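Q: 3D, please:
(one chain, ligands or ions: 1)
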Amino acid sequence: MKPIPVKISSVGTHVPDRIVTNDDLSLTLDTSDEWISTRSGIRERRIAADDQAASDLGAVAAARALEAAGVRPSELDLIITASLSPDMLFPATASFISGKIGADGVPAFDLSAACTGFIYALATGSAFIASGQAEKVLVVGADVVSKMIDWTDRSTAVLFGDGAGAVLLEPAESEQEGILGFDLGNDPSGAGLLSLAAGGSRLPASRETVESGGHFISMNGREVYKFAARIIVSSARKLLGETGYGVDEVDLFVPHQANIRIIDAAAGKLGIPPERVFTNLERYGNTSCASIPLCIDEAVLTGRLGATAGVQGKNPDGSGRSESGSNKLVLMVGFGGGLSWGSCLARTGDIKRIQE
Ligand code: UT7
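A: You can find the predicted model right below:
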């Protein structure tokens, strides 16, 4: 049976109201706006309220994506949530999101692939549709990494932010408006480089795990940096090669928003000019599983993707690469703990979002 083509029909996002700037962080940490912005590109991030968990952000993003598409929660065939900061170890955050949006009875599960989770969830949801097992799949990336951070550790505290993004996947008319392929991978030798060690079955919660900081994210930043700069390039090249596209055909490159230096280095090596690279990490930091849908949403909002993009034959940058906003070629690349990576190449047509 021929796989059914899959498209991203709509997007919705939500970030907490509270903005924490680099200067705010330098009041309590031995750091500075200068260090954070030059080393990472981040200027501020959103931080969840004490009573906000991943599903609280994810449910708002999910409801917005559904409203934009005009789809009722009960019409969904599946909800997949990617998160490294789930509400609980179980039940799934997807179950809480389902309850909040009113999707009783709809299958809902979580997927764990650290910051690459959104791309893995996109691939999983697409496979359900491609195989004919589902028609409407909601993919939600929701993270409140701020709850997993040691706020006295300047090497991690300055990098992350909270947020959520959701997309609705549906069958496409043709591949020309759909997802063209994925490249997924994982290097288990780097599992110790980025982790939250305690609270699972390996190191159950105890006084010792609390006192030793085992419930916080720990990261070897330098090694993860090297991995990311290398893997974005190799994964993107592999996927472009397999799908038969040239890098010059990519209208928008949407990398995981971890560090502007990683993004610039990878884009430079791939030969993608800055005007075709999407970044917003200066305002959100690294929002883990939410970073790519937050970019997609903003790209639609600002006319770089979707129905209004490239109207009158011109892109907002004036390049006129595509005749219209439809069928833009988007390359998304994620990476993170695992060490995992994932790329998705898609032709995006009219991605709907609600007007606010
Ligand atoms: O979703 C994926 C998750 N993670 C990533 O993608 C992170 C990848 N890694 C990175 O983005 C970078 O490695 C960092 C931004 C984390 C660090 O940048 P770096 O250029 O690799 O800095 P470094 O770790 O080599 O540290 C340089 C110096 C050190 O001081 P010494 O040893 O040279 O005296 C650190 O102690 O900067 C110091 N430092 C800080 N100084 C001020 C580390 N964090 C801070 C800070 N403020 N927040």
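
Q: can you give me the strands in the chain?
A: Secondary structure of the chain, counting by DSSP state E: strands at 6-14, 19-21, 44-46, 78-82, 108-111, 137-144, 162-171, 179-186, 194-195, 218-219, 252-255, 328-336, 340-348.

Q: looking at those strands, which is buried most?
A: For these, average neighbour numbers computed from mean count of other Cβ atoms under 10 Å are highest in strand 137-144, which has a mean of 33. (C-beta placed from N, C-alpha, C; glycine too.)

Q: got the residues of the stretch 1-150 of the chain near the ligand?
A: Within reach of the ligand by Cβ under 6 Å from any ligand atom, the stretch 1-150 of the chain has these residues: 31, 35, 36, 39, 40, 115.

Q: check contacts around the residue nearest to the first one when sequence neighbours are not counted.
A: What that stands for is residue 31. In space, and not counting its chain neighbours, residue 31 is closest to residue 154: 4.8 Å by Cβ to Cβ, 6 or more residues apart in numbering. When contacts are counted by Cβ atoms under 8 Å, 6 or more residues apart in numbering, residue 154 touches 29, 30, 31.

Q: quick one: stretch 48-57 to chain centroid distance?
A: In terms of Cα atoms, centre = their mean, to the nearest Å, the centre of stretch 48-57 is found 17 Å from the chain centre.

Q: go on, stretch 245-258?
A: Distance of stretch 245-258 from its chain centroid, counting by Cα atoms, centre = their mean, is 14 Å.

Q: pLDDT averaged over that stretch - what is it?
A: On average, the pLDDT along stretch 245-258 is 98.

Q: buried ones in it?
A: 245, 250, 251, 252, 253, 254, 255, 256, 257, 258 (16 or more other Cβ atoms under 10 Å).

Q: From residue 92, how far out is the residue nearest to the fourth one when sequence neighbours are not counted?
A: It refers to residue 252. Spatially, and ignoring its direct neighbours in sequence, residue 252 is nearest to residue 330 (4.9 Å; Cβ to Cβ, 6+ apart). Using Cβ to Cβ, to the nearest Å, we find residue 330 at a distance of 28 Å from residue 92.

Q: likewise residue 123?
A: Residue 123 is 18 Å from residue 92, where distance means Cβ to Cβ.

Q: what's the answer for residue 33, then?
A: Counting by Cβ to Cβ, the gap from residue 33 to residue 92 is 38 Å.

Q: Can you read off the pLDDT for the residue of the stretch 101-250 of the chain found nearest the ligand?
A: The ligand sits closest to residue 221 of the stretch 101-250 of the chain, with a gap of 2.9 Å, by Cβ to the nearest ligand atom. The model reports residue 221 with a pLDDT of 97.

Q: Residue 45 now?
A: For residue 45, pLDDT reads 98.

Q: so what's the nearest residue to it once chain neighbours are set aside up against?
A: Spatially, and ignoring its direct neighbours in sequence, residue 45 is nearest to residue 161 (2.9 Å; Cβ to Cβ, 6+ apart). The contact partners of residue 161, taken as Cβ under 8 Å, 6+ apart, are 15, 42, 45, 46, 47, 145, 146, 284, 285, 286, 287.

Q: Over to residue 7?
A: Applying Cβ under 8 Å, 6+ apart, we find residue 7 in contact with 169, 170, 171, 172, 177, 178, 179, 346, 348, 349.

Q: tell me which of those is nearest to residue 196?
A: residue 169 (28.7 Å; Cβ to Cβ).

Q: looking at it, the closest one is touching residue 130, isn't it?
A: No: contact criterion Cβ atoms under 8 Å: residue 169 and residue 130 do not qualify, at 9.8 Å.

Q: ok now the longest helix belonging to the chain, how far from the chain's centre?
A: Identified as the longest helix of the chain according to DSSP state H is helix 221-243. Helix 221-243 sits 16 Å away from the centroid of its parent chain (Cα atoms, centre = their mean).
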